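Enquirer: 3D, please:
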Amino acid sequence: MPSLPSFDAATNKCENPHVVILGAGASIAACPSGDKNGKILPSLQNLETVVGIEHITAEIESSVGTLGAGFEEKYSNLITIGSHKQEIQEINDKIHYYFSQLELPDSLTVYDYLILGLREKDAIFTFNWDPFLLQALLRCSGVTKPPNIFFLHGNVSVGVCQGCKVKGNAGQSCGRCSSPLTNTDLLFPVKQKNYNASGFLINEWNALRDYLKYAYFVTIFGYRAPFTDVEARQIFIDSFGVNSSREFAEVEIIDIRERKDIEDSWDQFVFEQHYSVWDNITGSQIYKHFRRSCDAFAMASLQCHPVPEFAPDGISSVSDLREFARKLYAEENSGDKLWKDHKNPFGP
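Expert: Okay, the predicted model is just below:
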C-alpha cells in the first residue's frame, strides 16, 4: 500500500528529501564556454582529445588493433585485455590532473543554485569527477545548512581516511586521526563498474539507495543513465521502486536531448506520468520554489493549496543569491509556518 509523504501541516514542511542526480551535462551547463580559465569541460565523447590521451590509445591500437568506437569502449577493452598497465596508469593520471585543474567561473552557475536552493534534508549525488560541486559548496558556505553530497564515481577534490571511514577535501588531514586523506580513485567507464569495489563507493551508493527509498522529488540533471551501466540503472529502479510514496512523488529531468530519448532512458524509473522535462534549471522545481521544492509540491498535491513561486529571477551574482537564500533560511528557522498566511514571504 502506498503511503503519504511526511508532511507537517503545523509548519507546511515536508520532511521527505529532494534527491538530485548529476551527470556530465550539469557541469557542461555550468561552464558552457569553459571553466574560469577557459578550459573545456570534457564529455566521454571528446575526453581523449580534450585531456590529451589520444596518442596513448592510438599507440596501443597500433599493436593490438582497434579497441573500440569511443573512450568508454576503449577503456573497457583495455581493462579486459589485462596488459598495458603502465599506459592505463598514465591515462588515469592525465584525466585526474586535467579535472583537478578545473575552476568554477566567478559568475553564478547551476551549482550555486543547487547548493543554496536545497536544504539539509536533501541530497545531491554526482557522477562527475570535476571539483565544481565542492567549489560551489565552499563559496556558498556560511549562509545555510547545505544539502548532503555524495560522489558515485569518485572525485578529484575528495580525500578519504580508510581507517576512520570519513571523507573530506583532498590534500587535507583526517579530523579524527590526523592522517593525510588519500585521493579517491576515479571510477572510469568500464562495462562492469563494481560499485562494491571500495569502502568509499559502498557508502556513497548505499546512501543513494537509502535516499531514493524516501525521496518525494527527484531531479536528474544531465545524466543519461546509459544502458551499458546495468548495475547503476538497476540500483535506481530497485531503490525508487520500493519507495512507499512513489505514487505521490515527482521526477524532473533537466536535459537537452530529444524528449523521446530522455523518456526512453527513464521509462522504468518514473511512475506513470509523474515526471517533467526541462532544458535548463530555471524550469525546475528547485529554481521555481527555492529551498521549498518538496514543501511546495506537497502544498499543491496533498493540501490542494498551491503556493506562489519564489524564484531568484533577476539575481546575477553569487553574493546576491546568498542573500536571497539567507532570508529563506531565516524563515525556515523562525518557528512560523512556511508561507505564513499562504503569501509570498517577501512579496507585496
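
Enquirer: Give me the next element, helix or strand, following the helix or strand residue 74 falls within.
Expert: Element membership for residue 74, per DSSP states H and E: helix 71-81. As assigned by DSSP H and E, the chain's next helix or strand after helix 71-81 is helix 85-100.

Enquirer: which helices and strands sit right next to the helix holding residue 74?
Expert: Judged by 3 or more CB pairs under 8 Å, 6 or more residues apart in numbering; DSSP states H and E, helix 71-81 is in contact with helix 47-51, helix 54-64, helix 85-100. For glycine as for every other residue, the C-beta is placed from the backbone atoms N, C-alpha and C.

Enquirer: So which residues make contact with that helix?
Expert: Helix 71-81 has contacts (CB atoms under 8 Å, 6 or more residues apart in numbering) with 44, 47-48, 57, 60, 64, 67-68, 84, 87-88, 91, 188-191, 228.

Enquirer: low-scoring pLDDT stretches of the stretch 201-348 of the chain, where are they?
Expert: 341-348 (pLDDT under 70).

Enquirer: how far away is residue 306 from residue 282?
Expert: Separation of residue 306 from residue 282 (CB to CB, to the nearest Å): 19 Å.

Enquirer: More neighbours: which of these two?
Expert: residue 282 (15 against 12; other CB atoms under 10 Å).

Enquirer: Need phi/psi at the closest residue to that one other than its chain neighbours.
Expert: Distances taken as CB to CB, 6 or more residues apart in numbering put residue 311 closest to residue 282, at 7.5 Å, once the chain neighbours are dropped. With angles defined as degrees, to the nearest 10, residue 311 sits at phi -110, psi 150.

Enquirer: Is residue 289 in contact with residue 309, as I believe?
Expert: Yes. The criterion here is CB atoms under 8 Å, and residue 289 meets it with residue 309 at 6.3 Å.

Enquirer: Show me whatever sits in contact with both of these two.
Expert: residue 296.

Enquirer: Which one's more surrounded, the two?
Expert: For residue 289 and residue 309, the more surrounded residue by other CB under 10 Å is residue 289, and the numbers stand at 23 against 14.

Enquirer: ok, for that one, nearest residue in space, not its chain neighbours?
Expert: residue 296 (3.8 Å).

Enquirer: Go through whichever strand or helix holds that neighbour and flag the buried ones.
Expert: Assigned by DSSP H and E, residue 296 belongs to helix 293-301. Judged by neighbour count using 16 or more other CB atoms under 10 Å, the buried positions of helix 293-301 are 293, 294, 295, 296, 297, 298, 299, 301.

Enquirer: and what of stretch 95-113?
Expert: Applying 16+ other CB under 10 Å to stretch 95-113 flags 95-96, 98-100, 102, 104-105, 108-113 as buried.

Enquirer: again, but for stretch 70-84
Expert: Of the residues in stretch 70-84, those buried (16+ other CB under 10 Å) are 71, 72, 73, 74, 75, 76, 77, 78, 84.

Enquirer: Let me know the closest of these to residue 268.
Expert: Comparing the buried residues of stretch 70-84 against residue 268 with CB to CB places residue 72 closest, at 21.5 Å.

Enquirer: And the pLDDT at the closest one?
Expert: Residue 72 is assigned a predicted lDDT (pLDDT) of 83.

Enquirer: Also residue 21?
Expert: Predicted confidence (pLDDT) for residue 21: 98.

Enquirer: doesn't it fall inside a helix?
Expert: No. Counting by DSSP: H, G, I helix; E, B strand; the rest coil, residue 21 is not part of a helix but strand.

Enquirer: how many neighbours does the residue nearest to residue 282 have?
Expert: 17.

Enquirer: so where's the stretch 1-150 of the chain uncertain?
Expert: 1.

Enquirer: Show me the domain layout of this structure.
Expert: The record's domain parsing of the chain by automatic domain parsing lists 7-35+108-150+196-336, 47-100, 153-186.

Enquirer: Need the winner for burial among the ones you listed.
Expert: domain 7-35+108-150+196-336 (a mean of 19; mean count of other CB atoms under 10 Å).

Enquirer: Can you give the distance of that one from its chain's centre?
Expert: Taking CA atoms, centre = their mean, to the nearest Å, one finds domain 7-35+108-150+196-336 lying 8 Å from the centre of the chain it belongs to.

Enquirer: All good on my end, thank you.
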